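Enquirer: sequence and predicted structure are below.
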Amino acid sequence: MTIVFAIFLLTMLVITAVAIVQSSNLFVSVMLTSIFSLLMSTNFFVLDAADVALTEAAVGAGITTVIFLSALALTATQEKPNRSGRGIALIVVGLTASLIIYATFDKPRLGDPDAPVHQHVAPYYLDNTMEQMGFPNVVTAVLSSYRGYDTLGEVFVVFAACIGVLFILDARTGTGPKYVTRKMTGLRHHLIPQVVGRILVPFIVLFGLYVQFHGEYGPGGGFQAGAIIATAFILYSLLEGEQAALRAVPRSAQLGLVICGALMFGMVGVLCMIMGGEFLDYSVLMENPVTARQIGIIVIEAGVGMAVCGAMLSIFHAFAARSAEDTDEAV
Amino acid sequence: MKLFEFLGYYNYWVFAILLMIGFYAVIAKANLIKKLIGLSIFQSAVFLMYISMDKVEGGTAPIIKPGVVDQLYSNPLPQVLILTAIVVGVSTLALGLAIVVRIKERYGTIEENEILDAD
Amino acid sequence: MDFAQHLPALQVIVPLLAAPLIVLLQPRGFAWAATTATAFFSFAVSIAIAVRILAGDILRYEMGGWFAPIGIELRVDAFSAIVLLIISGAAAISLIAARNSINQQIEDHRQPLFFAAWLLAIAGLVGMVVTADAFNIFVFMEISSLAGYILIAGGPDRRTLPAVFKYLIIGTIGATFYLIGVGMIYMMTGTLNLEDMAQRVVGIEDQRPILVAAAFVFIGLALKAALFPLHVWLPNAYTHAPHMVTVFLAACGTKVAVYVLLRFQFSIFQSFGEHLLQFALFLMPLALLGIIVASLVAMFEGHLKRMLAFSSVAQIGYILMGASLMSDSGITASTLHMFNHALTKGALFLAVAKFATQYADLRIDSLKSAARSMPLTSFAFVIAGLSLIGVPGTAGFISKWQLIMAIMETGNMGFIMVAIVVISSLIAVGYIWRVIETLYAIPTDDLPDDAADVSVKPEKIDMLLIALIFTVAMNIYFGLVPGLPLTLAELSSKILLKVEF
């Protein structure tokens, strides 16, 4: 049964992708992209990757769509017809496709337990996580300890994106009357979305916090939680308008969240060095290495959550608050 | 199990097809937002390839069930890599969109050929 | 805490963690000072690492205390050390010179974000070099790329935006191709650690996914390295970036991709038997074509920055041509040229930045008689230009000589390649001479009077000029005493060619 479902999902993915590229209405394309992400997320779940499914749903289907939509509001919603460049595209794509199809046939079959991927490094994680970390979610263990350095790098990728968007869109980071905000009233005049949305916001935040602090035991962790909590605030600003949302969480607080998150992660690593271990070797933090790792992981996961949440909010507001007056400088 | 074997390749084929659809959109489309949408499909395809590796027949998500012996778990490592890659993807996308917004403001268009003509 | 033991980690995390601190503390002028101080600290760490390497060490560092391949390992050998010196040296020099030029091009309130991005770029580039983990390379590649897009997007001209967008698209495709390649190797070997991968790939090297992975990794990194004909993003990005960013990126940006490319080719795919030969056969024509075509384009380019950018594409050709010889002397020449070209191109772009303080328009024609008002800068440009051509006594000569020697070893085919090196050097004489001729042109009487006024104003001596003179002096110094880079380059080629990682 699962197999039929999987094949159905994969086929739907292809159909959606074709529809996304075919549609000349950008708004339609973006909405289909959201559906694409949701299908992808379901597919990940079928493939036993619960954590990734959660992330794809929160980041891919949620945040990405919102950012796309706010960019569309500032640019255009209709693609102009253009036929040039198709030939060369087809040649390049054809070449790449033949390479990949060529590679397919020696690949280990899906789900083969004897495949090399399942032999070398992975069993170590599965066998030792319980003993070395004291919690059952292996994905969280690998993410935050065994390969914690990758995760640190990733937090800084998010940080880079955040300062990049602020820099390029020249959004003021300070508070005060200097920056102008579009008079956006949100959906305040639409009663039903307003009421339903208001009820939803606290529950989304609550769920986000659950995902944050339950990440060691079930699917979840800092990334997912950060994205989910950011979604709640974005929903709030859609309902109440830009200004109300910025009063609730001002720009400086959003940026502060990113900086604190990134620094918290980094400082835990530095602390480990000072205590005599390697960078990010949490086991030296306390006498009992297992407890020490757990504490280290909780702190860095909190850092990840804060950084992701703050960055997503900063990015969203940088787009959303870009006032109509700014666009006049077009040459 | 014949059907499972077929799915094994089907996953990789879908990966290849999605990769091509995304790649095609990036190269052939002149609209900058459409290019970025293509880029995100392109990246999603790679996520699918990695996650397809992690599946173990009869396995479950890699959250250890204490006390249960002989339980097979899917491979946690590709999942961790893709968690990272998803966030990297959205970061790149956000930056790309910020540039597109600036391009629209300074050129008045987001079609590549019109931008080329403007300079 | 033992400082020396943590060197590889400090190299990355100091600039990385300094970036958010700079955004946090935003007083005026502080951002530049703090960034420069961090860059100099990074440079000091690179020197300390190089000293350890020259003493015969290989530095290993287990991130998080997890042994490889379970955790991520950092690993620094001679090849990494020379690239680290290039990156942190380029960052230190370009940053200390940057203050006035950046003040001119970036508004005050945007500067903290800009300098934070600069620090992230440094951290990303050194992170790619010190790590010994294939996926970790991807993560730091993305940090450096995103930071690079931000830095370039700081350019004031509106044409910056399409240029940086193109770079973003091509850069992301390159990184994703790399990710596909790494995924396929991981699928077949079950590991991400480069050293471990090199061992486990033995015996399955003829499997299709591995072969295709080699192709994807190669194309992905070639896109990042701007190897001809995949260089289309580079000229516009370099031309429209803020001047000091061009100095930094031209000196080290693409070289890191070349570094990763050579690492993969020579340590992981090296056991493929025929593979290296195929790699060479594929790479050499591209390198040669790149040298000739890019030099010719530079010859007919009217904009000074774009001309130098095309010359950079040609220089990447030289570097990869050395590597494609697959001999000890070839790789030595290639590594040495990375170092020397960073010095030369850095100096040339510093001179461009100095010209830009007085000339708003950087087309070559509009720099007419600039030597009258800016004698020191013009002279520095001449010396750096000679180094680019490869005149004896300059750093450029040493690596070109090494390259020609390496080619001669290959025998009969060599003469064609030597001919190409000589011809392209002559073309370089052509395009550099065109600039020099303009700079030193005697002003004609029909020039407006205000041009004469400019010549009266003495050349302002600032950090930019001092950095420029220092870099030019280094070009001469390493041309006369090439000991340090040459030793590191020779060690690098031994490391790359030996099966022992």
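Expert: Received the coordinates, thanks.
Enquirer: residues in contact with C:Val435?
Expert: C:Leu304, C:Met307, C:Ile364, C:Leu367, C:Phe381, C:Gly385 (CB atoms under 8 Å, 6 or more residues apart in numbering or on different chains). The C-beta positions use only the backbone N, C-alpha and C, and glycine is treated the same way.
Enquirer: for stretch A:241-252, the distance to its chain's centre please.
Expert: Computed by CA atoms, centre = their mean, to the nearest Å, the chain-centroid distance of stretch A:241-252 equals 21 Å.
Enquirer: rewinding a little: now the contacts of C:Val435 as TSV including pLDDT?
Expert: Shown next, in TSV, are the contacts of C:Val435 (pLDDT from 0 to 100):
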residue	pLDDT
C:Leu304	91
C:Met307	93
C:Ile364	84
C:Leu367	83
C:Phe381	92
C:Gly385	93
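Enquirer: want to throw those residues into JSON lines with neighbour count and secondary structure?
Expert: Below are the contacts of C:Val435 laid out as JSON lines (neighbours: other CB atoms under 10 Å in any protein chain shown; DSSP: H, G, I helix; E, B strand; the rest coil):
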{"residue": "C:Leu304", "neighbour count": "27", "secondary structure": "helix"}
{"residue": "C:Met307", "neighbour count": "25", "secondary structure": "helix"}
{"residue": "C:Ile364", "neighbour count": "19", "secondary structure": "helix"}
{"residue": "C:Leu367", "neighbour count": "22", "secondary structure": "helix"}
{"residue": "C:Phe381", "neighbour count": "28", "secondary structure": "helix"}
{"residue": "C:Gly385", "neighbour count": "25", "secondary structure": "helix"}
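Enquirer: name the nearest of those relative to C:Val83.
Expert: C:Gly385 (25.0 Å; CB to CB).
Enquirer: ok so, going back, make TSV out of the contacts of C:Val435 and add distance to C:Ala132.
Expert: Putting the contacts of C:Val435 into TSV (distance: CB to CB, whole Å) gives the following:
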residue	distance to C:Ala132
C:Leu304	40
C:Met307	38
C:Ile364	45
C:Leu367	46
C:Phe381	40
C:Gly385	39
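Enquirer: okay if I get these as JSON lines plus distance to chain B?
Expert: Formatted as JSON lines, those follow (distance: CB to the nearest CB, whole Å):
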{"residue": "C:Leu304", "distance to chain B": "18"}
{"residue": "C:Met307", "distance to chain B": "18"}
{"residue": "C:Ile364", "distance to chain B": "19"}
{"residue": "C:Leu367", "distance to chain B": "22"}
{"residue": "C:Phe381", "distance to chain B": "28"}
{"residue": "C:Gly385", "distance to chain B": "29"}
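Enquirer: how about the residues of chain C by chain B?
Expert: Counting by CB under 8 Å from any CB of the partner chain, chain C comes close to chain B at C:135, C:138-139, C:142, C:146, C:149-150, C:153, C:158-159, C:161-162, C:164-165, C:168-169, C:172-173, C:176, C:179-180, C:183, C:186-187, C:192.
Enquirer: what about those, which are in strands?
Expert: Of the residues of chain C next to chain B, none are assigned to strands by DSSP state E.
Enquirer: quick one: least confident helix or strand in chain A?
Expert: helix A:242-248 (a mean of 82; mean pLDDT, DSSP states H and E).
Enquirer: what residue ranges in the chain score low on pLDDT?
Expert: All of this refers to chain A. Within chain A, the set of residues satisfying pLDDT under 70 comprises A:1, A:171-188, A:323-331.
Enquirer: please refer instead to chain C.
Expert: C:1, C:27-29, C:271-277, C:444-458, C:499-501.
Enquirer: name the residue of it that lies nearest to chain B.
Expert: C:Arg158 (4.3 Å; CB to the nearest CB).
Enquirer: and the closest residue to chain C within chain B, how far from B:Ala118?
Expert: Proximity of chain B to chain C (CB to the nearest CB) peaks at B:Arg106, 4.3 Å away. Between B:Arg106 and B:Ala118 the computed distance is 9 Å (CB to CB, to the nearest Å).
Enquirer: repeat for A:Val21
Expert: Taken as CB to CB, the span from A:Val21 to B:Ala118 is 26 Å.
Enquirer: what does chain B put close to chain C?
Expert: Contacts of chain B with chain C, taken as CB under 8 Å from any CB, map to B:19, B:23, B:26, B:32, B:35, B:39, B:42-43, B:46, B:49-50, B:53, B:77-78, B:81, B:84-85, B:88, B:91-92, B:95-96, B:99-100, B:102-103, B:106-107, B:112, B:115-116, B:119.
Enquirer: tell me which of these fall in helices.
Expert: Among these, the residues falling in helices (DSSP state H) are B:19, B:23, B:26, B:32, B:35, B:39, B:42-43, B:46, B:49-50, B:53, B:77-78, B:81, B:84-85, B:88, B:91-92, B:95-96, B:99-100, B:102-103, B:106-107, B:112, B:115-116.
Enquirer: out of these, which are buried?
Expert: B:19, B:23, B:26, B:32, B:35, B:39, B:42-43, B:46, B:49-50, B:53, B:77-78, B:81, B:84-85, B:88, B:91-92, B:95-96, B:99-100, B:102-103, B:106-107, B:112, B:115 (16 or more other CB atoms under 10 Å in any protein chain shown).
Enquirer: out of the residues you listed, which are close to chain A?
Expert: B:19, B:23, B:53, B:77-78, B:81, B:84, B:88, B:91-92, B:95, B:99-100, B:102, B:106-107.
Enquirer: tell me the one among these nearest to chain A.
Expert: Nearest to chain A among these, with distances taken as CB to the nearest CB, is B:Ser91, at 3.4 Å.
Enquirer: surely that closest one and C:Tyr149 touch.
Expert: No. Between B:Ser91 and C:Tyr149 there is no contact under CB atoms under 8 Å: 10.7 Å.
Enquirer: pick out whichever of the contacts of C:Val435 sits closest to chain A.
Expert: Checking the contacts of C:Val435 against chain A by CB to the nearest CB gives C:Leu304 as the nearest, at 24.5 Å.
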